[in-house]
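Asker: Fold the following, please.
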Amino acid sequence: MARERDLFANFERMRREIDELFGDVFERTRLGTRREFSPDVDVYYCGEPPRAIVKADLAGVDIDAVGLEIRGRQLIIEGERRAQGAEERLYQQIEIAHGPFRRVVELGADVVADQARATYEDGMLRVEIPLLQAGERAKQVPIKAREQQNGDG
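Answerer: Predicted coordinates for the structure are as follows:
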């Protein structure tokens, strides 16, 4: 990958970690308020032909209710981790976050969205997306000579 892209490759991860750091401080000051669920994600590039791999920790999420969408360089993962029935339970501690989530993963390269594949095993979602090869992007456009019609010029 080009050096310019390397500078921004971890930007999304750093932003999320900063949000989580300050979020934890704010959560501790609000009594009884819990943070919303947002799945942890790993993103890496490998293989020949090259591809992006996105792994998301979706333990406890019904995978049939998860949506995946690719828009340009963004992979969007949406769904909900539902809380287990709380009837007849007296909780001492609640730390497992629940609720709807929408996670936007910024990819560091152009991808071929219609060739993406996703699998789910042991609570981990794995999305594999081929990278757009440099030669695939360019498309020759033929130039036609404009014909003179009715004296238009």
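
Asker: tally of neighbours for the residue lying closest to G123 once chain neighbours are set aside?
Answerer: Spatial nearest neighbour of G123, chain neighbours left out: A59 (3.5 Å); criterion: CB to CB, 6 or more residues apart in numbering. Any C-beta I mention is one placed from the backbone N, CA and C, and that applies to glycine too. A59 sits with 11 neighbouring residues when counted by other CB atoms under 10 Å.

Asker: So that it lines up with my notes, have the first residue be 104 from now on.
Answerer: Right, with 104 as the first residue, what we last looked at is A162.

Asker: where does A162 land in three-state SS?
Answerer: Secondary structure assignment for A162 (DSSP: H, G, I helix; E, B strand; the rest coil): coil.

Asker: Can you verify my assumption that it contacts Y223?
Answerer: No. Using CB atoms under 8 Å, A162 is not in contact with Y223, being 10.8 Å away.

Asker: picking that back up, so how far is L228 from the residue nearest to G226?
Answerer: Going from A162 to L228 by CB to CB, to the nearest Å gives 10 Å.

Asker: just to revisit the earlier point, torsion angles phi and psi at the residue nearest to G226?
Answerer: Here is the backbone geometry of A162 (degrees, to the nearest 10): phi -60, psi 130.

Asker: Where does the prediction get shaky in the chain?
Answerer: Per-residue confidence of the chain (counting by pLDDT under 70) places the weak regions at 104-116, 118-119, 122-138, 189, 238-243, 251-256.

Asker: most centrally placed residue in it?
Answerer: Closest to where the C-alpha atoms of the chain average out (CA atoms, centre = their mean) is V208, at 2.8 Å.

Asker: That one belongs to a strand, doesn't it?
Answerer: Yes. Remark: V208 belongs to a strand, assigned using three-state DSSP.

Asker: thought it was touching I180?
Answerer: Yes. Using CB under 8 Å, V208 is in contact with I180, at 7.0 Å.

Asker: quick one: common contacting residues for the two?
Answerer: V144 (CB atoms under 8 Å, 6 or more residues apart in numbering).
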